[in-house]
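Peer 1: everything below, folded, please.
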Amino acid sequence: MEPLKDFSILWAMIHTLVMFLFLFESRYPKKRTLTISLFTMIPLILLNVVLFVVLGADRYGALMLLSLSLPSCIIFWFLAKYRDGRFFFTFCMVDTIVLEIVYITNILNYYITPDSYLLMFSVRLIIYPLIEIWIYKKLRPMFLDVQKNVKSGWGIFALIGILFYVAITLMMTVPDVVTNRPDQIPALALLFLLMPVIYLYIIFTLRNQQKMYELTQQEDLLNLQVFHLTSRIEELAKAEERFRMERHNARHKFNTLTGLIQSAQYEECLQLLSEYDKDFDKTKVEHFCQHKILDAVLAIYLQKAKQKQISLKLGFAFPDILPVNEAQLATVIANGLENAIHACEQVPVEKRFIEIKVVNHPRFMIR
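Peer 2: Coordinates of the predicted model:
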């Protein structure tokens, strides 16, 4: 029955790699990351299987940290996008999850089916894919998102993972395999129980940090919307006041024009009409699209660009129904315009320009 034991070890190592890749954020594209991982990790895994067969479980258990964990950590460190506590926490969490199952199945097999490795093989064959399904469907989306947005607090979590790894390895193998020290198995069982509880607490803590980050983003977005809409309302109020004044003066202007026409002073009449037209233009409120939040953002930032003597080349064809969230799109455009305005301020006035083009066919695109 030795093949079952050897295969179960290989099975555990392969699934350690799979679980880690599910939660790992690489700096390279997926295809390149997978290629490098397979060409480096498969030989390393095979080497460790050979070491396990040659040295035996007891001697290999003491050597595994140097022969497998450390080399794989170095390999993925070079591939990692986040070379900080995020990487070490992910690495230690996956390693300790797999290692705990290895140790638990070893102990159960020793006491329940000591003459065969069928229990060890069967449990590992089933439990690793089940854990991977949970990781991929439930944990992975949240965990990758948290890694991206939460940048602090990972160091202490990584230290917890390292201490768990060292603690369970020492308790299992030093000074002898734990099955030869049955009086220490209850303490080891408590450690096995404590580890998933701590990891779940850490994951929930990180999730709460992510929620706080999302709430902060939403608050910033809401503040931006309120600012733009308030500015737009003020602009409309000023335009309405100008229009009210123009309407109040309209009768006097019409009387003046009537008098000029009756006295055949046509040139003076045309000149006066031109002045009135300019005054009337001052009451105009420029609209850029039919979406109120977007229109407010464009109005504010394009007016700011004009004040900075920036030439504008505009072409807007927003669809009636936006394919994305209007508020979030408005934030993106506001940030882009603000960056563009700051960039224009660094060049001479005659070279300043911003060109924006929005199309909705064949796809919605902004340049």
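Peer 1: residues contacting residue 79?
Peer 2: Listed by C-beta atoms under 8 Å, 6 or more residues apart in numbering, the contact partners of residue 79 are 24, 26, 27, 28, 33, 36, 37. C-beta here means a position set from N, CA and C on the backbone, and glycine is covered the same way.
Peer 1: touching, the last one and residue 21? I think so.
Peer 2: Yes - here residue 37 lies in contact with residue 21, judged by C-beta atoms under 8 Å, at a distance of 6.5 Å.
Peer 1: which other residues reach stretch 30-49?
Peer 2: So stretch 30-49 is contacted by 6, 9-10, 13-14, 17, 21, 26, 28, 60, 64, 67-68, 71-72, 75-76, 79 (C-beta under 8 Å, 6+ apart).
Peer 1: ok now it, how far from the chain's centre?
Peer 2: When distances are taken as C-alpha atoms, centre = their mean, to the nearest Å, stretch 30-49 is centred 27 Å away from the chain's centroid.
Peer 1: pull out the buried residues from it.
Peer 2: The neighbour-count check on stretch 30-49 (16 or more other C-beta atoms under 10 Å) flags 33, 36, 37, 40, 41, 44, 45, 48, 49 as buried.
Peer 1: so of the contacts of stretch 30-49, which ones are in helices?
Peer 2: Mapping the contacts of stretch 30-49 onto helices (DSSP state H) picks out 6, 9-10, 13-14, 17, 21, 60, 64, 71-72, 75-76, 79.
Peer 1: buried only: go through those for me.
Peer 2: 9, 13, 17, 21, 60, 64, 72, 76, 79.
Peer 1: nearest to residue 303 among those?
Peer 2: Taking C-beta to C-beta as the measure, residue 303 sits nearest to residue 79 out of those, at 47.5 Å.
Peer 1: for the closest one, give its distance to residue 98.
Peer 2: According to C-beta to C-beta, to the nearest Å, residue 79 and residue 98 sit 19 Å apart.
Peer 1: with pLDDT and distance to residue 289 added, can I get the contacts of residue 79 in TSV?
Peer 2: As requested, the contacts of residue 79 are arranged in TSV below (pLDDT from 0 to 100; distance: C-beta to C-beta, whole Å):
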residue	pLDDT	distance to residue 289
24	87	42
26	88	39
27	88	38
28	88	40
33	87	41
36	88	47
37	85	47
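Peer 1: farthest-apart pair in these, please.
Peer 2: 27 and 37 (13.0 Å).
Peer 1: format the contacts of residue 79 as a markdown table; extra columns: distance to residue 158.
Peer 2: Listed next are the contacts of residue 79 as a markdown table, based on distance: C-beta to C-beta, whole Å:
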| residue | distance to residue 158 |
| --- | --- |
| 24 | 14 |
| 26 | 18 |
| 27 | 19 |
| 28 | 22 |
| 33 | 21 |
| 36 | 23 |
| 37 | 21 |
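Peer 1: and the longest strand seen in the chain, which strands flank it?
Peer 2: Longest strand in the chain by number of residues, with DSSP state E as the criterion: strand 353-359. Using DSSP bridges, the strands paired with strand 353-359 in its sheet are strand 311-315 (parallel), strand 365-366 (antiparallel).
Peer 1: and of those, who's closest to residue 133?
Peer 2: strand 365-366 (37.9 Å).
Peer 1: got the buried residues for the host helix or strand of residue 101?
Peer 2: Assigned by DSSP states H and E, residue 101 falls within helix 85-112. Buried positions in helix 85-112, judged by neighbour count with 16+ other C-beta under 10 Å: 85-107, 109-110.
Peer 1: what angle do helix 70-79 and the helix or strand where residue 37 lies make with each other?
Peer 2: Following DSSP H and E, one finds residue 37 within helix 30-55. Interaxial angle, helix 30-55 versus helix 70-79 (axes from the mean of the first three to the mean of the last three C-alpha atoms, to 10 degrees): 170 degrees.
Peer 1: pull the distance from helix 30-55 to the chain's centre.
Peer 2: How far helix 30-55 lies from its chain's middle: 30 Å, per C-alpha atoms, centre = their mean.
Peer 1: what does stretch 313-329 give?
Peer 2: 23 Å.
Peer 1: then stretch 159-167?
Peer 2: On C-alpha atoms, centre = their mean, the centre of stretch 159-167 falls 27 Å from the chain's centre.
Peer 1: next one: stretch 155-172
Peer 2: Averaging C-alpha positions (C-alpha atoms, centre = their mean) puts stretch 155-172 28 Å from its chain's average.
Peer 1: mind listing residues that contact that stretch?
Peer 2: Against stretch 155-172 from outside (C-beta under 8 Å, 6+ apart): 61, 64-65, 69, 84-86, 88-89, 91-93, 95-96, 99-100, 103, 106, 178, 184, 187-188, 191-192, 195, 198-199, 202, 206.
Peer 1: what about 7 Å?
Peer 2: Identification of contacts with stretch 155-172 by C-beta atoms under 7 Å, 6 or more residues apart in numbering yields 61, 65, 85, 88-89, 92-93, 95-96, 99-100, 103, 178, 184, 188, 191, 195, 198, 202.
Peer 1: tell me, how many residues neighbour the nearest residue to residue 60 once chain neighbours are set aside?
Peer 2: Leaving aside its sequence neighbours, residue 60 sits nearest to residue 52 (C-beta to C-beta, 6 or more residues apart in numbering; 4.5 Å). Residue 52 has 22 neighbours, counted by other C-beta atoms under 10 Å.
Peer 1: how far away is residue 52 from residue 121?
Peer 2: Plainly put, residue 52 is 15 Å away from residue 121 if you go by C-beta to C-beta.
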